[in-house]
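Peer 1: coords please:
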Amino acid sequence: MKKLMVLAWVVSLTCLNIFGENDLKKIILSPEMDALLNRHCYECHDEDVQKGEFQLDHYEDLNHGERLKVLNKIEEQTYLNQMPPKKKEPLSEEEKNSLLNWVTQSFDSFQEKSEFREKFLEPILSI
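Peer 2: As a prediction, this is how the structure comes out:
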């Protein structure tokens, strides 16, 4: 029985090394989503410029709680058409839907709920 438990422990550690944090980060921020954020967001929200004290270009380095804050902010600003600002190229409907779908999938993968939806959308939908 002890040998089986040790074997399970070794397999678990191996899986963590094979499918570590970096691999999970790649799954969460796909190249397509990174390209969309690069086209519409990083110019104003990167390491050099952080308008609204909001930085997006380091999403993959954030811890779980920080990622949730970023996802909530992206969802709120995108849904309310606050970002990109009016003077910048707007998101196409397809891009907006892709971004909001990515946010939803990210919340689902974290098994977390969107604060924005809980505060604003779900109460409206339940009326």
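Peer 1: what's the helix or strand for the most centrally placed residue in the chain?
Peer 2: In the chain, the residue lying closest to the centroid (C-alpha atoms, centre = their mean) is residue 71, at 4.8 Å. Per DSSP states H and E, residue 71 falls inside helix 64-79.
Peer 1: The helix or strand that that helix is followed by to helix 64-79, inter-axis angle?
Peer 2: Later in the chain than helix 64-79, the nearest helix or strand by DSSP H and E is helix 93-110. Interaxial angle, helix 93-110 versus helix 64-79 (axes from the mean of the first three to the mean of the last three C-alpha atoms, to 10 degrees): 150 degrees.
Peer 1: Just the C-alpha atoms of stretch 89-108, please, in PDB.
Peer 2: Extracted in PDB, the C-alpha atoms of stretch 89-108 (Å, rounded to 0.1, in the frame of the first residue of the first chain):
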ATOM      1  CA  GLU A  89     -10.000  51.800 -33.300                       C
ATOM      2  CA  PRO A  90     -13.000  50.000 -31.700                       C
ATOM      3  CA  LEU A  91     -13.200  46.200 -31.300                       C
ATOM      4  CA  SER A  92     -15.200  44.500 -34.100                       C
ATOM      5  CA  GLU A  93     -18.200  42.500 -33.000                       C
ATOM      6  CA  GLU A  94     -16.200  39.400 -33.600                       C
ATOM      7  CA  GLU A  95     -13.300  40.700 -31.500                       C
ATOM      8  CA  LYS A  96     -15.600  41.800 -28.700                       C
ATOM      9  CA  ASN A  97     -17.300  38.400 -28.600                       C
ATOM     10  CA  SER A  98     -13.900  36.600 -28.700                       C
ATOM     11  CA  LEU A  99     -12.600  38.700 -25.800                       C
ATOM     12  CA  LEU A 100     -15.800  38.200 -23.700                       C
ATOM     13  CA  ASN A 101     -15.800  34.500 -24.500                       C
ATOM     14  CA  TRP A 102     -12.100  34.300 -23.400                       C
ATOM     15  CA  VAL A 103     -13.000  36.000 -20.100                       C
ATOM     16  CA  THR A 104     -15.900  33.600 -19.600                       C
ATOM     17  CA  GLN A 105     -13.700  30.600 -20.300                       C
ATOM     18  CA  SER A 106     -11.000  31.900 -18.000                       C
ATOM     19  CA  PHE A 107     -13.500  32.400 -15.100                       C
ATOM     20  CA  ASP A 108     -14.800  28.800 -15.800                       C
END
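Peer 1: Sweet, I'm off.
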